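Asks: Here is the input, now give the coordinates:
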Amino acid sequence: MFRNTILNIFADIWPMILIFCVIIVLMRIVYLIKTKKKIVFYKEMLALGFLIYIMCLYHTVTFQDVGWSTSNFIPFKEMFRYSFGTKMFYRNVVGNMFLFVPFGFFISYFLKLKKPLHIFILTFLTSITIELTQLGIGRVFDIDDIILNIVGSLLGFILFYIIDKIKDKLPNLFKNQLVYNVIMVLLIIVIIMYLRGLFYV
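Replies: Model (predicted):
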């Protein structure tokens, strides 16, 4: 289910992602060359991944069909409306939670945040902006989405925290940029394999 959702998103916006990535990558390369800064592959890919994630997030929260739902201003009302394990439960509860796991991970990484409260505040402000924007463009406002987004973002923070702690305990041999670059290449290959059905959707 989640794979199909991701494939559908990429099927809709891959031209925008392609054009955007080419422009950003070219500008970034020129900037790094001009300023004579060192290119660190895995860091550049993480930054690009965050930008692609934001584009996918924008598409998800502004273009998906919501004809089956109405605005909800009562906490937990929509969340407990669906039976556990049903399609709507995974779409509305699990989906909204995992939608923000990358957000929590990325902002923790880029801003070097160490306190969950910071993640909570940033995610709350981001999520409520999304919900108010949705309300303003004729979609729906759901306070449960904000709650689930915050939970997902905190899970992303925990993921970053665990990886960061594991990284600190690794032998020096595994702390060099070459190892991280190799891991990033492998991760990109896994993502490509995961999305291999993009052009068959």
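Asks: Go ahead and flag the most central residue of this protein.
Replies: Closest residue to the average C-alpha location of the chain: Pro102 at 3.5 Å, with CA atoms, centre = their mean.
Asks: In a helix, it, correct?
Replies: Yes: assessed with DSSP: H, G, I helix; E, B strand; the rest coil, Pro102 lies in a helix.
Asks: Give me the nearest residue to it, chain neighbours excluded.
Replies: Tyr53 (5.0 Å; CB to CB, 6 or more residues apart in numbering). Where you see a C-beta, it was placed from the backbone N, CA and C, and this is true even at glycine.
Asks: what about that neighbour, which helix or strand?
Replies: helix 41-63 (DSSP states H and E).
Asks: coming back round to it: what is the burial count for the residue nearest to Pro102?
Replies: Other residues lying near Tyr53 total 15 when counted by other CB atoms under 10 Å.
Asks: Next up, the contacts around it.
Replies: Counting by CB atoms under 8 Å, 6 or more residues apart in numbering, Tyr53 touches 102-103, 106.
Asks: Ok, Lys38 next?
Replies: Contacts of Lys38 (CB under 8 Å, 6+ apart): Leu32.
Asks: For it, give me the pLDDT.
Replies: In this model, Lys38 is scored at 89, pLDDT.
Asks: And the helices in the chain?
Replies: 2-35, 41-63, 87-89, 95-98, 101-111, 116-136, 143-169, 177-194 (DSSP state H).
Asks: So for Phe73, which of these sits nearest?
Replies: Phe73 lies closest, by CB to CB, to one member of the helices of the chain: helix 143-169, at 5.6 Å.
Asks: Give me the pLDDT for the residue nearest to Pro102.
Replies: pLDDT for Tyr53: 96.
Asks: hmm, back to that, run the chain-centre distance for the helix holding Tyr53.
Replies: 7 Å (CA atoms, centre = their mean, to the nearest Å).
Asks: Start at 26, not 1
Replies: All set: I'll call the first residue 26, so the last point we hit is now helix 66-88.
Asks: buried residues in it?
Replies: Under the neighbour-count criterion of 16 or more other CB atoms under 10 Å, helix 66-88 has 67-71, 74-75, 77, 81-82, 84-86 buried.
Asks: Redo those residues as JSON lines? Include distance to Val207.
Replies: Putting those into JSON lines (distance: CB to CB, whole Å) gives the following:
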{"residue": "Tyr67", "distance to Val207": "9"}
{"residue": "Lys68", "distance to Val207": "14"}
{"residue": "Glu69", "distance to Val207": "15"}
{"residue": "Met70", "distance to Val207": "12"}
{"residue": "Leu71", "distance to Val207": "15"}
{"residue": "Gly74", "distance to Val207": "16"}
{"residue": "Phe75", "distance to Val207": "21"}
{"residue": "Ile77", "distance to Val207": "21"}
{"residue": "Cys81", "distance to Val207": "26"}
{"residue": "Leu82", "distance to Val207": "28"}
{"residue": "His84", "distance to Val207": "31"}
{"residue": "Thr85", "distance to Val207": "31"}
{"residue": "Val86", "distance to Val207": "34"}
